[in-house]
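Engineer: For reference, the sequence and a predicted model appear below.
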Amino acid sequence: MTTDVLKERHRRWEVRQRTGARKETDMLIQKDVVILSIESSCDETAAAVTVNGRQVLSNEISSQIDIHTLYGGVVPEIASRKHIERMNQVIREAMRTAGKTFCDLDAVAVTAGPGLVGALLTGISEAKAVAFASGLPLIGVHHIEGHISANYIADKTLEPPFACLVVSGGHTNLVRVKGYGEYELLGTTRDDAAGEAFDKVARAIGLGYPGGPKIDRAAKDGNPEAIRFPRGKVEGSEFDFSFSGIKSSVLNYLNTCDMKGEKVDVNDVAASFQEAVVDVLVDHTMAAARLCGLDRIALAGGVASNSALRGRMKAACERENIAFFCPPPVLCTDNAAMIGCAAYYEFLKGRESGLDLNAVPGLKLGESLYGTEAGA
Ligand code: ADP
Ligand code: MG
């Protein structure tokens with residue numbers, strides 16, 4: 001980076017620190033907005049370079065799945081350590097693939113929550129270091145907003161408003177996306193997240209970790225009507241979810257078979273369990289879109305790569321003349337391109353985090369990292 005560029009950036013940084021917000025001129029001189037984004041909220045170390053939010057120049061993901069598989073799930077302490085080991089290489093690779101230097105960047109974005117606190121802190125520390133050394137604005141990003149934003153990358157024509165079902169290892173949210181960065185939570189899970197239920201049931205039937213993709217695969221050779229598992233409903237709350245009942249019901253079924261000495265057909269259990277979960281997810285999402293008068297539905301999060309969910313939601317949307325959006329699997333599970341996309345819309349609003357940005361492990365959808373005032 002040349003000394004002149006660095007000097008000018010640090011001058012602007014000082015102005016921003018004094019005035020508390022980015023000067024309008026800073027934004028107007030931007031033509032294309034190039035953002036380096038970092039994601040480390042769970043067990044993927046990821047970095048990406050995006051242009052104007054929706055164009056992805058690079059999207060590097062280093063997964064730790066092999067290590068955590070040995071323990072049957074994510075071990076937070078190991079996840080943090082691996083992020084530290086891999087972060088610099090992943091960022092270097094993202095910059096190299098994009099053909100960009102730190103000089104070409106307009107901002108550095110990072111997931112600040114929700115997620116595992118130690119894992120989040122590794123990404124945040126790295127982003128602060130790059131932002132400070134390069135004199136660039138730092139933008140903290142809400143991980144779930146990132147998942148929703150993956151849809152903007154996958155389909156350049158998609159614009160709010162739309163209904164979005166966010167289903168991942170840690171979250172199940174039915175959301176009305178009212179505008180860029182404007183969300184209304186319509187429903188959430190009362191107990192397990194959808195992905196968590198997939199992972200726990202997969203472990204119980206001996207498929208191992210990570211359970212979602214393995215159940216998806218096994219279900220293709222099973223009968224979804226072989227066993228009738230309950231469709232979890234939450235009394236008095238039309239759009240909330242509950243998956244612990246389905247999970248217990250699978251465990252009871254396995255115990256009963258064991259006691260009777262009956263053989264368990266793993267593929268049938270996988271297919272029947274998946275059918276019960278997908279039924280509820282599709283029903284709730286369609287009902288929410290109808291109630292809110294929305295003619296677009298999007299999926300997001302790791303479980304959105306589930307083939308049955310994608311197929312059933314698409315068919316339901318076609319029946320009701322609703323446009324259906326779903327990112328490709330690589331943009332459904334954790335990645336940094338989606339974080340860069342969400343960051344772009346924060347950038348346009350003039351938002352910038354301070355160097356005191358902290359991890360917010362329990363950040364909920366609808367809660368902002370920037371207070372209630374736009375640009376605050
Ligand atoms: P989080 O952001 O909560 O860490 P991700 O968005 O990375 O989670 O998604 C991971 C979750 O997605 C895991 O629970 C995994 O089992 C689930 N998952 C991934 N692929 C599939 C699939 N094909 N079917 C069902 N679940 C899946
Ligand atoms: Mg995620």
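Structural biologist: Perfect, I can see it now. Numbering: from 1, shown residues only. Ligands and ions are numbered 1, 2, ... in the order given.

Engineer: drop to CA atoms for contacts and neighbour counts, all remaining ones
Structural biologist: OK.

Engineer: Name the residues of the stretch 151-300 of the chain found near ligand 1, please.
Structural biologist: 168-171, 195-196, 198-199, 210-213, 216 (CA under 6 Å from any ligand atom).

Engineer: Output stretch 251-258 as CSV, restricted to C-alpha atoms.
Structural biologist: This file holds the C-alpha atoms of stretch 251-258, laid out as CSV (Å, rounded to 0.1, in the frame of the first residue of the first chain):
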residue,chain,number,x,y,z
LEU,A,251,-35.6,-41.7,20.1
ASN,A,252,-38.7,-43.5,21.5
TYR,A,253,-39.2,-45.3,18.2
LEU,A,254,-35.6,-46.5,18.2
ASN,A,255,-35.9,-47.7,21.9
THR,A,256,-39.2,-49.5,21.2
CYS,A,257,-37.6,-51.3,18.2
ASP,A,258,-34.6,-52.2,20.4
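
Engineer: for that stretch, which positions count as buried?
Structural biologist: Under the neighbour-count criterion of 16 or more other CA atoms under 10 Å, stretch 251-258 has 251, 253-254 buried.

Engineer: and the residue of the stretch 1-150 of the chain found nearest ligand 1, what is it in contact with?
Structural biologist: Residue of the stretch 1-150 of the chain nearest ligand 1, by CA to the nearest ligand atom: residue 42 (5.3 Å). Neighbouring residues of residue 42 by CA atoms under 8 Å, 6 or more residues apart in numbering: 74, 76, 79, 115-116, 119-120.

Engineer: tell me the phi and psi of it?
Structural biologist: Backbone geometry at residue 42, expressed as degrees, to the nearest 10, gives phi -140, psi -110.

Engineer: try the one 3 residues further on
Structural biologist: Per-residue torsions, residue 45: phi -100, psi 120 (degrees, to the nearest 10).

Engineer: Next: residue 284.
Structural biologist: Residue torsions, per degrees, to the nearest 10, at residue 284 are phi -60, psi -40.

Engineer: pLDDT score assigned to it?
Structural biologist: Looking at residue 284, its pLDDT stands at 97.

Engineer: Show me where the protein has its helices.
Structural biologist: 3-19, 24-28, 65-69, 76-98, 117-134, 143-154, 194-204, 211-219, 244-260, 266-292, 307-319, 329-332, 337-348 (DSSP state H).

Engineer: Flag whichever of those has the least confidence on average.
Structural biologist: helix 24-28 (a mean of 53).

Engineer: ok, the most centrally placed residue in the chain to residue 114 distance?
Structural biologist: Residue closest to the mean C-alpha point of the chain, counted by CA atoms, centre = their mean, is residue 147 at 3.2 Å. Distance, residue 147 to residue 114, by CA to CA, to the nearest Å: 12 Å.
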